[in-house]
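Asks: take a look and give me a structure for this.
(chains A and B)
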Number of protein chains: 2
Amino acid sequence: MCPSKVADGEQRGWIVPIGGAEDKELDMRVLRRFFELCGGKGADIAVIPTASKLVETGDRYEQLFADMGAANVSVLDFDTRRDAHERNRVAAIEQADGIFITGGNQLRLSTILGGTPIAQAIRASNARGIPVGGTSAGAGILSEHMIAGGDSDNGTPHANSVRLAPGLGLTNRVVIDQHFRQRDRLGRLLAALAYNPFAIGLGVDEDTAALLGPDNVIEVEGSGAVTVIDADDLQFSSMAQVSGDAPVCMLGVQIHILTAGASFNLGTRKASAGSLSPVKE
Amino acid sequence: MCPSKVADGEQRGWIVPIGGAEDKELDMRVLRRFFELCGGKGADIAVIPTASKLVETGDRYEQLFADMGAANVSVLDFDTRRDAHERNRVAAIEQADGIFITGGNQLRLSTILGGTPIAQAIRASNARGIPVGGTSAGAGILSEHMIAGGDSDNGTPHANSVRLAPGLGLTNRVVIDQHFRQRDRLGRLLAALAYNPFAIGLGVDEDTAALLGPDNVIEVEGSGAVTVIDADDLQFSSMAQVSGDAPVCMLGVQIHILTAGASFNLGTRKASAGSLSPVKE
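Replies: Down below sits the predicted model:
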């Protein structure tokens, strides 16, 4: 689904995919950064734990954001598509200063929320400036093309590496993969781009967030890295010729490993060392 | 150690790093290709099983090359540095049409053979046109800078990802890593280049060979891929600023995933789809 149109004079809210397993006990850099983007103390946060089957998932984030100083945290669980039509829940999304989607199974998110008034409300909120974050499965769902499944532990792309499905579509500029370094997902993210190189691949490590600003610059927060894969100048892909477990030939892929302080501009497709650079850029 | 000088009017022999676990029972594409480069039927092959502690390793390759039609296969084991000074063994290297180094532990190879007359003979033979191949540890040892150890299962480079050591030095243009996709070694190969981006990283999958021709064009044989990492245009590396498990920021790395049919020119640093291309290049 294409991103919602941003009205004249307004700007899109931050989109914050997190690679999963973010620190919830020590300095909580990643979650604090998300909370600050939502306005910090006094903010109203909506938490969507639908991806998870664990009943305690929502409560955990409710407590975390309350401890940071949220004025209100609404935990909105959806077990059926009918739930995702309920007026009160849609209103809770509409009034939130920030929306957070937990981890679990991204197909639970897409099958239950896809095309419902809740999905529409999330998209509309983001289009008028509200930050939307998600961790693990909640990160994957944020973009137009979502990685629904595929191979982990495989650095080389092959024909069957990845299955794509439509996501929430807050942005169509990136394809997101999570637990990136921990689960060796380079191959499947490369394979996703081999189909159609128009998007940028974002491989987000655990305890790390890629922060897509309204200006389309990606910043990084957390202890890991965000691997940016730019296939815009792809010279050749054999994806159309191979099948099964055969490796895919891909020539001319550019990658950037961003750590906190560095950034990548989706508009110009240029990376910057930012505060990491010993010389002012 | 720098590559041996190639005499006027001669050309260097092929250098053939294999990613390990090459097929030894079915069509044996990788080993057959190496054997053909050595002249095929009637060739004299020297096998160095020193990296392996298994006594049967040398015999296995002796049988394989004999079955392919070798006129002679000399299995030269070296248990001590003194063995690597023995005249008869040096002579066997000098008269071979091809030299093959098996897998095992690359530090056994470098500690036992490094700087000995055997190492000198291998270097001299390659400089006058004799192909030298190696699988797994035997692949890593071929270049000037060898990956002695480091992290597997980690796609993101970090400060302690890799330990380098001097190798045989048949070429200084590449740093080789093996079992590449099977053991998720992108991070450590990137880290090796983050220290000093002058070389090209070659990540060789299992049952796959990177074939470095006398013309410095790399071809591919086998069922997997060779990941070529070109950090020549590296815009920034934070390797000097990080330590321990901290991820390394690297901006502007180009990668090519080559499968059989594709090639990469080390001189021009250009990849080509070769026979995979639907249009003639």
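
Asks: you'd agree residue A:30 is in a strand?
Replies: No. When DSSP: H, G, I helix; E, B strand; the rest coil is applied, residue A:30 is found to be helix, with no strand at that position.

Asks: now residue A:252, what's its secondary structure?
Replies: Following three-state DSSP, the label given to residue A:252 is strand.

Asks: what's the burial count for it?
Replies: Using other C-beta atoms under 10 Å in any protein chain shown, residue A:252 has 19 other residues around it. In short, each C-beta sits where N, CA and C put it, glycine included.

Asks: which non-adjacent residue is nearest it?
Replies: Spatial nearest neighbour of residue A:252, chain neighbours left out: residue A:235 (3.6 Å); criterion: C-beta to C-beta, 6 or more residues apart in numbering or on different chains.

Asks: so residue A:256 sits right up against residue A:264, yeah?
Replies: Yes. Checked against C-beta atoms under 8 Å, the pair residue A:256 and residue A:264 is within contact range at 6.1 Å.

Asks: the more surrounded of those two?
Replies: Taking other C-beta under 10 Å, residue A:256 and residue A:264 do not tie; residue A:256 has more neighbours (28 against 25).

Asks: partners of the helix or strand encompassing that one, with directions?
Replies: Residue A:256 belongs to strand A:250-258 when elements are defined using DSSP states H and E. Strand partners for strand A:250-258, identified by DSSP bridges, are recorded as strand A:226-230 (antiparallel), strand A:236-237 (antiparallel), strand B:250-258 (antiparallel).

Asks: give me the contacts around the helix or strand following it.
Replies: If you walk from strand A:250-258 toward the C-terminus, the next helix or strand you reach (DSSP H and E) is strand A:263-265. Contacts of strand A:263-265 with the rest of the structure, by C-beta atoms under 8 Å, 6 or more residues apart in numbering or on different chains, involve A:200, A:216-220, A:226, A:228, A:256, A:258, A:270-272, A:274.

Asks: list the buried residues of whichever helix or strand comes after strand A:263-265.
Replies: Counting by DSSP H and E, the next helix or strand C-terminal to strand A:263-265 is strand A:270-272. Buried positions in strand A:270-272, judged by neighbour count with 16 or more other C-beta atoms under 10 Å in any protein chain shown: A:271, A:272.

Asks: the stretch 101-250 of chain A: helices as residue ranges?
Replies: Chain-ordered helices for the stretch 101-250 of chain A, with DSSP state H, counting those that start in this stretch as the definition, fall at A:106-113, A:117-127, A:137-140, A:186-195.

Asks: wait, which of those helices is closest to residue B:15?
Replies: In terms of C-beta to C-beta, the element of these nearest to residue B:15 is helix A:186-195, at 26.2 Å.

Asks: quick one: contacts for residue A:225?
Replies: The neighbours of residue A:225, taking C-beta under 8 Å, 6+ apart as the test, are A:181, A:205, A:208, A:257, A:258, A:259, B:156, B:247, B:248, B:249.

Asks: what is the neighbour count of the residue lying closest to it once chain neighbours are set aside?
Replies: Here the nearest residue to residue A:225 in space, its sequence neighbours aside, is residue B:247; by C-beta to C-beta, 6+ apart that works out to 4.0 Å. Residue B:247 is surrounded by 29 other residues when neighbours are defined as other C-beta under 10 Å.

Asks: what bridges to the closest residue to residue A:218 other than its chain neighbours?
Replies: Spatial nearest neighbour of residue A:218, excluding adjacent residues (C-beta to C-beta, 6+ apart): residue A:264 at 4.6 Å. Listed by DSSP bridges, the beta-bridge partners for residue A:264 are residue A:218, residue A:271.

Asks: what residues are shared contacts of residue A:256 and residue A:264?
Replies: Common contacts of residue A:256 and residue A:264, defined by C-beta under 8 Å, 6+ apart, comprise A:228, A:271.

Asks: tell me the helix or strand right after the helix ranked longest in chain A.
Replies: In chain A, assigned by DSSP state H, the helix with the most residues is helix A:56-68. Following the chain from helix A:56-68 toward its C-terminal end, the next helix or strand by DSSP H and E is strand A:72-75.

Asks: closest one to chain B among the helices of the stretch 101-250 of chain A?
Replies: With C-beta to the nearest C-beta, the closest approach to chain B among the helices of the stretch 101-250 of chain A belongs to helix A:186-195: 5.1 Å.

Asks: residues contacting residue A:170?
Replies: The contact partners of residue A:170, by C-beta under 8 Å, 6+ apart, come to A:3, A:4, A:12, A:15, A:122, A:123, A:126, A:132, A:142, A:143.

Asks: could you dump these into JSON lines and include pLDDT, neighbour count and distance to residue A:35?
Replies: Written out in JSON lines, the entries for the contacts of residue A:170 read as follows (pLDDT from 0 to 100; neighbours: other C-beta atoms under 10 Å in any protein chain shown; distance: C-beta to C-beta, whole Å):
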{"residue": "A:3", "pLDDT": "83", "neighbour count": "18", "distance to residue A:35": "24"}
{"residue": "A:4", "pLDDT": "83", "neighbour count": "17", "distance to residue A:35": "24"}
{"residue": "A:12", "pLDDT": "96", "neighbour count": "23", "distance to residue A:35": "19"}
{"residue": "A:15", "pLDDT": "98", "neighbour count": "27", "distance to residue A:35": "15"}
{"residue": "A:122", "pLDDT": "97", "neighbour count": "28", "distance to residue A:35": "18"}
{"residue": "A:123", "pLDDT": "96", "neighbour count": "18", "distance to residue A:35": "22"}
{"residue": "A:126", "pLDDT": "97", "neighbour count": "25", "distance to residue A:35": "17"}
{"residue": "A:132", "pLDDT": "98", "neighbour count": "31", "distance to residue A:35": "13"}
{"residue": "A:142", "pLDDT": "96", "neighbour count": "28", "distance to residue A:35": "18"}
{"residue": "A:143", "pLDDT": "93", "neighbour count": "27", "distance to residue A:35": "22"}
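
Asks: a markdown table for those residues, including distance to chain B?
Replies: Conversion of these to a markdown table gives the following (distance: C-beta to the nearest C-beta, whole Å):
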| residue | distance to chain B |
| --- | --- |
| A:3 | 27 |
| A:4 | 32 |
| A:12 | 25 |
| A:15 | 22 |
| A:122 | 30 |
| A:123 | 31 |
| A:126 | 28 |
| A:132 | 25 |
| A:142 | 21 |
| A:143 | 20 |
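
Asks: now, these that are in strands?
Replies: With strands defined by DSSP state E, the entries of the contacts of residue A:170 inside them are A:15, A:132.

Asks: and the contacts of residue A:170, which is closest to residue B:186?
Replies: When the contacts of residue A:170 are compared for distance to residue B:186 (C-beta to C-beta), residue A:143 comes out closest, at 23.0 Å.

Asks: specify the beta-bridge partners of that closest one.
Replies: Beta-bridge pairing of residue A:143 under DSSP bridges involves residue A:171.
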